[in-house]
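K.L.:
compute the structure for the input listed below.
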Amino acid sequence: MPTTSEHTSKQFDAELEAVRARVLQMGGFVEEQIKVALDALMAGDLQMCEKVERNDHTVNAFEVGIDEDVSTIIARRQPAAGDLRMLMTVVKTITDLERIGDEAAKIARMAKLIYSSDRLQQPRMAEIRRMSTLALGMLRKSLDAFARLDLAASADVVRQDRHVDEEFRGTLRQLITFMMEDPRTISMSIEILFIAKAIERIGDHSKNISEYVIYMVKGKDVRHVTLEEIEREVMG
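P.N.:
Alright, predicted model coming up:
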């Protein structure tokens, strides 16, 4: 027969696993929010925009619920070392996921602005498509790294953030050129700029999640170190 301590340990492991599963469920929901917001932007679908904005409260509810679960576990189990690091990582990760959800809602709001007004020009979407593909890939990989505790994937996400930043700077330069050449494009260019910035922020939050994974596994905070130092930490 299992001892009481073994039973308690199994219960604790089950609670930790349930929290991790909820984080991944929240991540999947947030990823879907971004996809729907971007589809709405590309298609000019105002109903899809409304759906993203309505669903933002579900993202917030995920964050509050998981936060409460973690607080209960810490109060009851008083975890130490790796278990405590994992719970701290969960709290940080859900904060970033909630903010990614906010960025998805922002993309939907901007799309509504673009398509609600009578304008002759169509928004240029090639750059936004490219950036969003990169940022969504980063989010997916960071969640995968969280699920598998994959340090190599985490370092890869940090590396990819540079590409998203470069794409953002390129988009910004293009939009400034359009606005200078034709003042009629100013209003739409600013809205597209807000969308590009939202996508760039999604990349930043995904990078944060990957850095938390490195902290969870290695016990080292790598939020403010260079990519080279992160790669050394991962390889070590």
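
K.L.:
so which elements touch the helix or strand hosting Lys141?
P.N.:
Element membership for Lys141 (DSSP states H and E) is helix 126-148. Judged by 3 or more Cβ pairs under 8 Å, 6 or more residues apart in numbering; DSSP states H and E, helix 126-148 is in contact with helix 4-43, helix 81-116, helix 151-181, helix 186-218. Glycine gets a C-beta too; all of them are placed from N, C-alpha and C.

K.L.:
any idea which of those gets closest to Ser71?
P.N.:
Judged by Cβ to Cβ, the one of the helices and strands packed on helix 126-148 that comes nearest to Ser71 is helix 81-116, at 8.9 Å.

K.L.:
buried residues in the closest one, which are they?
P.N.:
83, 85-112, 114-115 (16 or more other Cβ atoms under 10 Å).

K.L.:
again, but for stretch 54-68
P.N.:
By 16+ other Cβ under 10 Å, the buried positions in stretch 54-68 come out as 55-56, 59, 62-63, 66.

K.L.:
same question for stretch 174-187.
P.N.:
Buried-residue list, stretch 174-187, by 16+ other Cβ under 10 Å: 174-175, 178-179, 185.

K.L.:
picking up where we left off before, could the helices and strands packed on helix 126-148 be laid out in a markdown table, adding mean pLDDT and distance to Ser142?
P.N.:
Shown next, in a markdown table, are those (pLDDT from 0 to 100; distance: least, Cβ to Cβ, whole Å):
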| stretch | mean pLDDT | distance to Ser142 |
| --- | --- | --- |
| helix 4-43 | 91 | 8 |
| helix 81-116 | 95 | 9 |
| helix 151-181 | 94 | 5 |
| helix 186-218 | 94 | 4 |
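
K.L.:
any idea which of these gets closest to Leu134?
P.N.:
Nearest of the helices and strands packed on helix 126-148 (Cβ to Cβ): helix 151-181, 5.0 Å.

K.L.:
show me what the closest one is packed up against.
P.N.:
By 3+ Cβ pairs under 8 Å, 6+ apart, helix 151-181 packs against helix 126-148, helix 186-218, helix 227-235.

K.L.:
secondary structure class for Lys220?
P.N.:
coil (DSSP: H, G, I helix; E, B strand; the rest coil).

K.L.:
separation between it and Asn208?
P.N.:
15 Å (Cβ to Cβ, to the nearest Å).

K.L.:
the more surrounded of the two?
P.N.:
When Lys220 and Asn208 are compared for neighbours, Asn208 comes out ahead with 21 against 13, by other Cβ atoms under 10 Å.

K.L.:
which residue is the nearest non-sequential neighbour of that one?
P.N.:
Asp96 (4.9 Å; Cβ to Cβ, 6 or more residues apart in numbering).
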